[in-house]
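In: Here is my input; please provide its structure:
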Amino acid sequence: MEDSTERLNRAFAALADPTRRDLVARLATSDATVGELAEPYDMSLQAVSKHVKVLEEAGLVTRSKDAQRRPVHLDAEVFDLMTKWIERYRQQVEERYRRLDALLADENQQKQPRKDAS
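Out: Residues are numbered from 1 along each chain as shown. The predicted model follows:
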């Protein structure tokens, strides 16, 4: 079985392309065929199909057969993996900022002149 690092690498690489990010955004609202996905773009059906293939190989989308249609839909599993990865680092960064804020607040408090209780 493929490790999560490789899956993340492929997913992030696939999403590095703005057209593929747009395809994902459109598929978030509803499934669509490659032809339907290609409609707003000034590129060939074959080019859009290649973008979908990259997304499929990255595990971001799957295709199913529905009579004569082959709708493309998002696969949540890799998105969950990506979200967990991002969340881990977001939490680490937030903790660093909390520590920095506490340090700066403590330092600022020490620099303020004390009022005498006369």
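
In: Surely residue 85 and residue 5 touch.
Out: No - if you go by Cβ atoms under 8 Å, residue 85 and residue 5 don't touch, sitting 9.3 Å apart. No exception for glycine: its C-beta is placed from N, CA and C like everyone else's.

In: Comparing these two, which residue is more hemmed in?
Out: residue 85 (16 against 9; other Cβ atoms under 10 Å).

In: out of everything not next to it in sequence, what's closest to the more buried one?
Out: Excluding its sequence neighbours, the residue lying closest to residue 85 (Cβ to Cβ, 6 or more residues apart in numbering) is residue 8, at 5.8 Å.

In: Same question for residue 41.
Out: residue 48 (6.1 Å).

In: residues in contact with the one you found?
Out: 23, 34, 37-38, 41 (Cβ atoms under 8 Å, 6 or more residues apart in numbering).

In: Can you tell me the element it falls in?
Out: Element membership for residue 48 (DSSP states H and E) is helix 45-57.
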